[in-house]
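Colleague: give me a model of this one.
(one chain, ligands or ions: 1)
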Amino acid sequence: MLKGKNALVTGSTSGIGLGIAKALARQGANIVLNGFGDVEGPSAEVAALGVQVAYHGADVSKPAEIEDMMKFAASRFGRVDILVNNAGIQHVARIENFPLERWDAIIAINLSSAFHATRLALPAMKATDNGKGWGRIINVASVHGLVASAEKSAYVTAKHGLVGLTKVTALENATTGITCNAICPGWVLTPLVQKQVDAKAAALGLSNVEATKLLLGEKEPSQQFTTPEELGELAVFFCSPAGNNVRGVAWNMDGGWTAQ
Ligand code: NAD
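Modeller: Numbering: from 1, shown residues only. Below is the predicted model of the structure:
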């Protein structure tokens with residue numbers, strides 16, 4: 001379905017970003033990976049799906065590096081048709097104790113990076129399809145783009161902002177073939193969440209299994225994690241022809257978290 005399209009997924013060396021990159025690759029899209037840590041493993045996993053893979057190591061907290069990454073993607077594949085703004089970090093502390101440097105980093109990585117990548121991707125998306133435009137911008141927000149939790153001020157602020165940016169991007173391009181939507185996962189067992197399980201286990205003297213059960217029990221009625229594979233299929237739907245007029249939604253996949 002996506003053969004001939006090119007997708008750039010930020011923060012795709014791990015977790016949800018890698019799951020989305022692989023789901024798009026399964027549909028035939030070439031992939032630009034981004035993120036830190038092991039690059040060879042994720043690149044090989046995506047390449048095994050029979051598409052072209054490139055990697056750019058931009059630190060998306062830095063606008064100049066995002067600009068460089070977008071230029072690299074264009075030089076490598078011609079243009080970016082599908083942009084997935086996924087890179088994100090977390091820090092948990094009460095407002096009065098929240099480290100200023102963590103606040104700035106979370107706003108830069110979880111929110112401002114999506115603005116920069118979007119503004120740089122739009123001109124080429126608008127020029128496609130004889131000027132009618134085609135593009136898919138998918139912002140990986142969170143249930144925390146819809147509701148709040150204590151001790152996550154920067155994250156909740158950034159994710160609510162990202163849902164707002166999603167709506168504005170959708171509206172500004174509503175008469176074109178470019179759509180923008182947000183995905184709002186509940187708990188997904190990735191390194192980002194494993195750190196929170198570990199912190200809970202250490203603070204309460206629990207085993208990993210007990211801390212995981214407690215974490216899910218507090219917020220997620222289904223008592224089960226959403227998987228990167230499931231989120232990848234939602235991204236595929238947004239990219240499909242059936243998603244042509246899905247514009248500006250914040251679609252939660254959260255085991256009932258926000259239904260309460
Ligand atoms: P993860 O830690 O597994 O992956 C994060 C990715 O972002 C990694 O590839 C990492 O290298 C990259 N990254 C971090 N800082 C970066 C930077 N400055 N520049 C470039 N890349 C950077 O985390 P994840 O759980 O897969 O999270 C992915 C997204 O999903 C985040 O935006 C997160 O907020 C969101 N999310 C996660 C959950 C969850 O339960 N795991 C729930 C809701 C939303």
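Colleague: how about the residues of the stretch 1-150 of the chain near the ligand?
Modeller: Where proximity means Cβ under 6 Å from any ligand atom, the interface of the stretch 1-150 of the chain facing the ligand comprises 10-17, 34-37, 59-61, 86-89, 109-110, 140, 142. For glycine as for every other residue, the C-beta is placed from the backbone atoms N, C-alpha and C.
Colleague: helices - which of those residues land there?
Modeller: 15, 16, 17 (DSSP state H).
Colleague: for the last one, give me its contacts.
Modeller: Applying Cβ atoms under 8 Å, 6 or more residues apart in numbering, one finds that residue 17 lies in contact with 9, 10, 11, 34, 35, 84, 86, 87, 140.
Colleague: make it 7 Å
Modeller: Contact partners of residue 17, counting by Cβ atoms under 7 Å, 6 or more residues apart in numbering, are 9, 10, 11, 35, 86, 87.
Colleague: coming back round to it: kindly reformat the ones in helices among the residues of the stretch 1-150 of the chain next to the ligand as JSON lines containing distance to residue 194 and pLDDT.
Modeller: What follows is those, written out as JSON lines (distance: Cβ to Cβ, whole Å; pLDDT from 0 to 100):
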{"residue": "15", "distance to residue 194": "10", "pLDDT": "96"}
{"residue": "16", "distance to residue 194": "13", "pLDDT": "98"}
{"residue": "17", "distance to residue 194": "16", "pLDDT": "98"}
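Colleague: ok, those vs the ligand, which is closest?
Modeller: The shortest gap between the ligand and any of these belongs to residue 15, at 2.2 Å (Cβ to the nearest ligand atom).
Colleague: so the closest one touches residue 190, yeah?
Modeller: Yes - counting by Cβ atoms under 7 Å, a contact exists between residue 15 and residue 190, whose distance comes to 3.2 Å.
Colleague: how about the helix or strand that residue 194 is a member of and the ligand, touching?
Modeller: Using DSSP states H and E, residue 194 sits within helix 191-204. Yes - where contact is defined by Cβ under 6 Å from any ligand atom, part of helix 191-204 touches the ligand, namely 191, 192, 193.
Colleague: next, report how far that helix is displaced from the centre of its chain.
Modeller: The offset between the C-alpha centroid of helix 191-204 and the centroid of the whole chain comes to 21 Å, using Cα atoms, centre = their mean, to the nearest Å.
Colleague: likewise for stretch 5-19?
Modeller: Distance, stretch centre to chain centre, for stretch 5-19: 8 Å (Cα atoms, centre = their mean).
Colleague: next: stretch 216-225.
Modeller: Here stretch 216-225 is found 21 Å from its chain centre; the criterion is Cα atoms, centre = their mean.
Colleague: in the helix holding residue 194, what's buried?
Modeller: By neighbour count, and taking 16 or more other Cβ atoms under 10 Å as the criterion, the buried residues in helix 191-204 are 193, 196, 197, 200, 201.
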